[in-house]
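In: No sequence on hand, only this structure:
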């Protein structure tokens, strides 16, 4: 007898152990007369079109919120009611079928806002948007899960805008660095150009100031602007110096041979009347005085 009772207990508890637990959260709309006093039932449908057993959402499987009185009317206007149900192995939820009966017909209409189904096993959550009335002519509705594509699109838009901003900032910094580099290069180019012009001017001034004897004899033409041309002209000038010296020497010898040297003039002798030659005394008047002394 004891074994039979144990087997019965096992067969009773085994389905509940193998079943999946789901948390159902039902939101009622906030319009006037949105709540209902009718009984509400729900059935879960997976992707293989396998329906779970229709289960009533009542106080027996209701999960009260914290700091809330444990007994109250369900599905009131603006209420949020949570329930726990058990089903077979559904794995995923593709649709739900939710309906109400006509208990208390004068308060049967119900404005269903949305239903959230959450798996207690792996935490998967499915949102079913409704925002519609379940009235006498249509007391049930089949809902498909609502994927928040808008939020995903917004997140993707934010990501794309963030990446665009980063790319824009990187390109802007790259362009600024290129502009700064070009300005620095142009400034350095102008500085070197001015420095080369000043050095060329100083060199020309030194050449004009420090003239040699050869330059005085053989004046040069205009000084070249480039330093390389200046050096080439200087080398050519020094190479031509021997020929110039030899030509100058020959010209001087020719001039010396053609010109007659000038004869030194003698002082004119004093003349006497009658064109007679002068006497010794006249020529040397002091000679007599010297002889007398001797």
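Out: Yep, that arrived. The structure presented is a predicted model; accordingly, all values stated were derived computationally and were not measured.
In: Could you use CA atoms for every contact and neighbour count after this?
Out: Noted.
In: these two touch, right, residue 80 and residue 29?
Out: No: using CA atoms under 8 Å, residue 80 makes no contact with residue 29, being 9.6 Å away.
In: Please say which of the two ends up with more neighbours.
Out: Per other CA atoms under 10 Å, whichever of residue 80 and residue 29 has more neighbours is residue 29, with 24 against 17.
In: hey, where'd the helices end up in the stretch 101-250 of the chain?
Out: Under the criterion DSSP state H, counting those that start in this stretch, the stretch 101-250 of the chain contains helices at 149-209, 213-217, 227-239, 241-258.
In: Which of those has the lowest mean pLDDT?
Out: Comparing mean pLDDT across the helices of the stretch 101-250 of the chain, the weakest is helix 213-217, with a mean of 50.
In: if we look at the sheet, which residues does residue 56 bridge to?
Out: On the basis of DSSP bridges, residue 56 is bridged to residue 41.
In: And it, what's its pLDDT?
Out: 93.
In: Nearest residue to residue 140 in space, please, no chain neighbours.
Out: Closest residue to residue 140 apart from its sequence neighbours, by CA to CA, 6 or more residues apart in numbering: residue 99 at 3.9 Å.
In: can you check residue 84 too?
Out: In space, residue 84 is closest to residue 23, 4.6 Å off (CA to CA, 6+ apart).
In: which ones are touching residue 125?
Out: 116-119 (CA atoms under 8 Å, 6 or more residues apart in numbering).
In: how about a cut-off of 6 Å?
Out: By CA atoms under 6 Å, 6 or more residues apart in numbering, the contact set of residue 125 is 117-118.
In: Bridged to it, which residues?
Out: Beta-bridge partners recorded for residue 125 (DSSP bridges): residue 118.
In: what do you get for the one 4 residues further on?
Out: Residue 129 has the following beta-bridge partners by DSSP bridges: residue 114.
In: Need the pLDDT of it.
Out: Model confidence at residue 129, given as pLDDT, is 93.
In: Wait, residue 127 touches residue 143, no?
Out: No: the criterion here is CA atoms under 6 Å, and residue 127 misses it with residue 143 at 9.5 Å.
In: Now do the buried residues in stretch 48-66.
Out: The neighbour-count check on stretch 48-66 (16 or more other CA atoms under 10 Å) flags 51-52, 55-58, 61-64 as buried.
In: any weak-confidence spans in the stretch 1-150 of the chain?
Out: 1-18, 70, 148-150 (pLDDT under 70).
In: Residues in contact with stretch 47-54: which ones?
Out: 42-45, 94.
In: need these in a markdown table with distance to residue 197 and neighbour count, can you?
Out: As requested, those are arranged in a markdown table below (distance: CA to CA, whole Å; neighbours: other CA atoms under 10 Å):
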| residue | distance to residue 197 | neighbour count |
| --- | --- | --- |
| 42 | 96 | 20 |
| 43 | 95 | 17 |
| 44 | 92 | 23 |
| 45 | 91 | 19 |
| 94 | 86 | 17 |
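In: Would you mind giving those residues as JSON lines with secondary structure and distance to residue 71 added?
Out: As requested, the contacts of stretch 47-54 are arranged in JSON lines below (DSSP: H, G, I helix; E, B strand; the rest coil; distance: CA to CA, whole Å):
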{"residue": "42", "secondary structure": "strand", "distance to residue 71": "21"}
{"residue": "43", "secondary structure": "strand", "distance to residue 71": "25"}
{"residue": "44", "secondary structure": "strand", "distance to residue 71": "27"}
{"residue": "45", "secondary structure": "strand", "distance to residue 71": "30"}
{"residue": "94", "secondary structure": "coil", "distance to residue 71": "33"}
